[in-house]
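**Q** this one's sequence-less:
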């Protein structure tokens with residue numbers, strides 16, 4: 001079996017993202033999935049952060065997938081390159097031991113998601129007794145975000161340079177959005193646009209089921225984060241006081257949702273397991289996709305948008321991220337809060353032909369199709 005070392009930026013449990021959806025479909029491969037590291041100071045902000053998680057035994061997530069935890073790292077690695085170098089040297093020793101214990105030191109592919117990996121390959125090659133070039137030739141960089149656009153303790157120039165170094169040397173680069181693709185293509189000719197997808201079978205199973213409640217529900221699924229446009233949600237709450245606006249997903253630390261909390265018709269549901277999401281979306285009259293017009297939003301490829309498509313439900317969206325414009329013949333796109341409110345009301349009386357188009361698109365956007373495309377590119 002092909003041996004894949006997946007260096008993820010999302011924990012395998014509890015909520016599946018692009019990383020898990022791809023790895024879960026590579027069933028003919030033997031996979032070591034490594035959860036992202038926490039910093040030594042993370043417990044000061046988040047009491048649930050465990051700097052000793054790497055000492056725990058690996059978890060067998062699937063017959064072919066073992067999940068490990070990365071050791072804690074020094075903070076500020078996205079501000080100072082020398083700190084990232086230090087972290088990656090330590091990480092290389094940890095990974096080399098895992099690879100030697102599990103695969104006798106052999107690895108066929110390193111599938112990574114963070115620009116920080118740029119400084120891992122040299123020390124890891126040394127630990128495994130390989131040439132640096134041999135290891136770079138095994139590397140796939142799957143870029144899912146404009147990492148330098150995130151707020152927090154980063155220096156955008158440092159992050160962009162790390163990503164450039166990673167992309168230039170990688171064997172293949174995948175990008176989830178046009179902006180990411182155009183930027184990374186300049187560094188590597190083997191760069192391909194592969195947007196996010198959906199678990200079509202899971203979400204499509206509710207397409208013909210009737211909603212149980214009579215109250216109108218406008219629903220949003222996703223993280224409440226800096227790039228979520230709360231102004232659109234607030235405008236809708238004011239305009240439809242007799243309807244409910246359900247927000248399903250967690251609020252990121254530091255994000256201010258006080259402007260929404262004063263409305264009694266906005267319900268903060270929080271996180272729910274993915275297998276329960278289709279039943280919740282079934283009760284939506286309209287699905288909402290609301291992103292701010294900023295550098296982070298334009299290069300996002302929202303998972304929930306494709307899951308909305310698979311349910312057949314009408315979708316009202318802001319023009320961001322730009323990928324939604326590809327679906328303008330079957331969804332509603334509004335660039336002002338006033339238009340957004342009007343389109344939400346219009347979408348309640350959505351037509352069957354739009355629904356058919358959404359379902360056709362959803363089939364094309366399934367994770368199975370995305371992974372099949374990747375396998376063809378990789379000649380797997």
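**A** Good, I have the coordinates. Bear in mind the structure is a predicted one, so any value in this text is a computation, not a measurement. Numbering: from 1, shown residues only.
**Q** Show me where the stretch 51-200 of the chain has its strands.
**A** 59-62, 65-69, 109-112, 139-143, 172-175, 191-193 (DSSP state E, counting those that start in this stretch).
**Q** Any chance of a markdown table for those, columns distance to residue 123, mean neighbour count and mean pLDDT?
**A** Every C-beta, even on glycine, is put in place using the N, C-alpha and C of the backbone. Compiled in a markdown table, those are given as follows (distance: least, C-beta to C-beta, whole Å; neighbours: other C-beta atoms under 10 Å; pLDDT from 0 to 100):
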| stretch | distance to residue 123 | mean neighbour count | mean pLDDT |
| --- | --- | --- | --- |
| strand 59-62 | 26 | 14 | 97 |
| strand 65-69 | 18 | 21 | 98 |
| strand 109-112 | 13 | 24 | 98 |
| strand 139-143 | 14 | 23 | 98 |
| strand 172-175 | 22 | 24 | 98 |
| strand 191-193 | 26 | 18 | 98 |
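**Q** Could you count how many residues lie near residue 282?
**A** Look at residue 282: counted by other C-beta atoms under 10 Å, it has 20 neighbours.
**Q** which residues does it contact?
**A** Residue 282 sits next to 206, 209, 211, 311 when contact means C-beta atoms under 8 Å, 6 or more residues apart in numbering.
**Q** low-confidence ranges in this protein?
**A** Of all residues in the chain, none has pLDDT under 70.
**Q** can you map out the helices along the stretch 1-150 of the chain?
**A** Applying DSSP state H, counting those that start in this stretch to the stretch 1-150 of the chain gives helices spanning 18-24, 42-45, 81-103, 121-128, 132-136.
**Q** Quickly compare those helices and say which is most buried.
**A** helix 18-24 (a mean of 22; mean count of other C-beta atoms under 10 Å).
**Q** related to what we said a few turns ago, and residue 236, which of the helices of the stretch 1-150 of the chain is closest to it?
**A** helix 18-24 (28.5 Å; C-beta to C-beta).
**Q** How about residues contacting that closest one?
**A** By C-beta under 8 Å, 6+ apart, helix 18-24 touches 4, 6, 8-10, 12, 16, 31, 33, 62, 65, 111, 113, 142, 144, 176, 196-197, 199, 303, 367, 370-371, 374.
**Q** quick one on the thing from earlier: make JSON lines out of the strands of the stretch 51-200 of the chain and add distance to residue 330.
**A** Converted to JSON lines, the strands of the stretch 51-200 of the chain look like this (distance: least, C-beta to C-beta, whole Å):
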{"stretch": "strand 59-62", "distance to residue 330": "34"}
{"stretch": "strand 65-69", "distance to residue 330": "35"}
{"stretch": "strand 109-112", "distance to residue 330": "33"}
{"stretch": "strand 139-143", "distance to residue 330": "27"}
{"stretch": "strand 172-175", "distance to residue 330": "24"}
{"stretch": "strand 191-193", "distance to residue 330": "21"}
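**Q** Residue 52: which of these is closest?
**A** strand 65-69 (8.9 Å).
**Q** Compare the contacts of residue 282 and tell me which is most surrounded.
**A** residue 311 (26 neighbours).
**Q** tell me the contacts of that residue?
**A** 203, 204, 206, 207, 278, 281, 282, 287.
**Q** so the third one makes contact with residue 276?
**A** No - between residue 206 and residue 276 there is no contact, the gap being 11.1 Å when judged by C-beta atoms under 8 Å.
**Q** Contacts only, for the nearest residue to residue 325 once chain neighbours are set aside.
**A** Spatial nearest neighbour of residue 325, excluding adjacent residues (C-beta to C-beta, 6 or more residues apart in numbering): residue 319 at 6.7 Å. Contact analysis of residue 319 by C-beta under 8 Å, 6+ apart lists 293, 325, 333, 334, 335.
**Q** Please give the element, helix or strand, for residue 319.
**A** Using DSSP states H and E, residue 319 sits within no helix or strand.
**Q** How much space separates it from residue 298?
**A** 9 Å (C-beta to C-beta, to the nearest Å).
**Q** cool, residue 254 as well?
**A** For residue 254 relative to residue 298 (C-beta to C-beta), the value is 22 Å.
**Q** Between the two, tell me which one has more neighbours.
**A** Legend: neighbour count by other C-beta under 10 Å for residue 254 and residue 298, higher for residue 298 (21 against 10).
**Q** So that one is in contact with residue 324, correct?
**A** No - using C-beta under 8 Å, residue 298 makes no contact with residue 324, being 10.9 Å away.
**Q** pretty sure residue 245 is in a strand, no?
**A** Yes - under DSSP: H, G, I helix; E, B strand; the rest coil, residue 245 sits within a strand.
**Q** Give the burial count for it, as a bare number.
**A** 23.
**Q** circling back: now distance to residue 216, neighbour count and secondary structure too, for the contacts of residue 319, in JSON lines please.
**A** Listed next are those as JSON lines, based on distance: C-beta to C-beta, whole Å; neighbours: other C-beta atoms under 10 Å; DSSP: H, G, I helix; E, B strand; the rest coil:
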{"residue": "293", "distance to residue 216": "28", "neighbour count": "13", "secondary structure": "coil"}
{"residue": "325", "distance to residue 216": "27", "neighbour count": "13", "secondary structure": "helix"}
{"residue": "333", "distance to residue 216": "21", "neighbour count": "18", "secondary structure": "strand"}
{"residue": "334", "distance to residue 216": "18", "neighbour count": "19", "secondary structure": "coil"}
{"residue": "335", "distance to residue 216": "24", "neighbour count": "11", "secondary structure": "coil"}
